[in-house]
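> Provide a 3D model corresponding to the input given below.
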Amino acid sequence: MLQTFPVQDLRQISARLHDEFSGLSPRRVERCVTDTWHCAEHLGITVTPHLVERVAREHLEAMVNSVPPSAVRRAARRSGTTLFTGHRAVPEPR
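Below you'll find the predicted structure:
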């Protein structure tokens, strides 16, 4: 059975998460919260604002922490740092 969700709860959750993940657009955070609600609802889970906030936070954190490998390599080349340690590359003695 489809549940209706309180729009005010979703707005509050989105606002809190956007404060936490300010590097993401408000629309992206809002979409993540709404998708999380709908996904839990689709799976037949009892949807609560607390559940939605926890799951959406995990998803947003994963989005922020995931960087395509090609972007990491480009950034390392531009900054002169090694790929894995983030420290400047030091030539080995000869």
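
> Would you map the helices across the chain?
For the chain, applying DSSP state H gives helices covering 7-20, 26-42, 49-65, 69-79.

> Single out the most deeply packed of these.
Ranked by mean neighbour count under mean count of other C-beta atoms under 10 Å, the helices of the chain are led by helix 26-42, which reaches a mean of 17. For every residue, glycine as well, the C-beta is placed using N, CA and C.

> Let's see that helix as CSV, backbone CA atoms only.
This file holds the C-alpha atoms of helix 26-42, laid out as CSV (Å, rounded to 0.1, in the frame of the first residue of the first chain):
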residue,chain,number,x,y,z
PRO,A,26,20.0,21.7,-3.1
ARG,A,27,18.1,20.0,-5.9
ARG,A,28,20.4,17.0,-5.8
VAL,A,29,20.0,16.6,-2.1
GLU,A,30,16.2,17.1,-2.4
ARG,A,31,16.1,14.5,-5.1
CYS,A,32,18.1,12.0,-3.0
VAL,A,33,15.7,12.4,-0.1
THR,A,34,12.6,12.0,-2.2
ASP,A,35,14.1,9.0,-4.0
THR,A,36,15.1,7.4,-0.7
TRP,A,37,11.5,7.8,0.6
HIS,A,38,10.0,6.3,-2.6
CYS,A,39,12.5,3.4,-2.6
ALA,A,40,11.8,2.4,1.0
GLU,A,41,8.1,2.7,0.3
HIS,A,42,8.4,0.5,-2.8
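
> which strands and helices sit next to that helix?
With contacts defined as 3 or more C-beta pairs under 8 Å, 6 or more residues apart in numbering; DSSP states H and E, the packing partners of helix 26-42 are helix 7-20, helix 49-65.

> what's the shortest one in contact with?
Pointing back at helix 7-20 there. Contact with helix 7-20 is made by 24, 26, 29-30, 32-34, 37, 49, 52-53, 56-57, 60, as judged by C-beta atoms under 8 Å, 6 or more residues apart in numbering.

> Now tabulate those in CSV and tack on distance to Leu10.
Formatted as CSV, the contacts of helix 7-20 follow (distance: C-beta to C-beta, whole Å):
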residue, distance to Leu10
Leu24, 16
Pro26, 13
Val29, 11
Glu30, 8
Cys32, 11
Val33, 6
Thr34, 6
Trp37, 7
Pro49, 8
Val52, 8
Glu53, 10
Ala56, 10
Arg57, 14
Leu60, 14
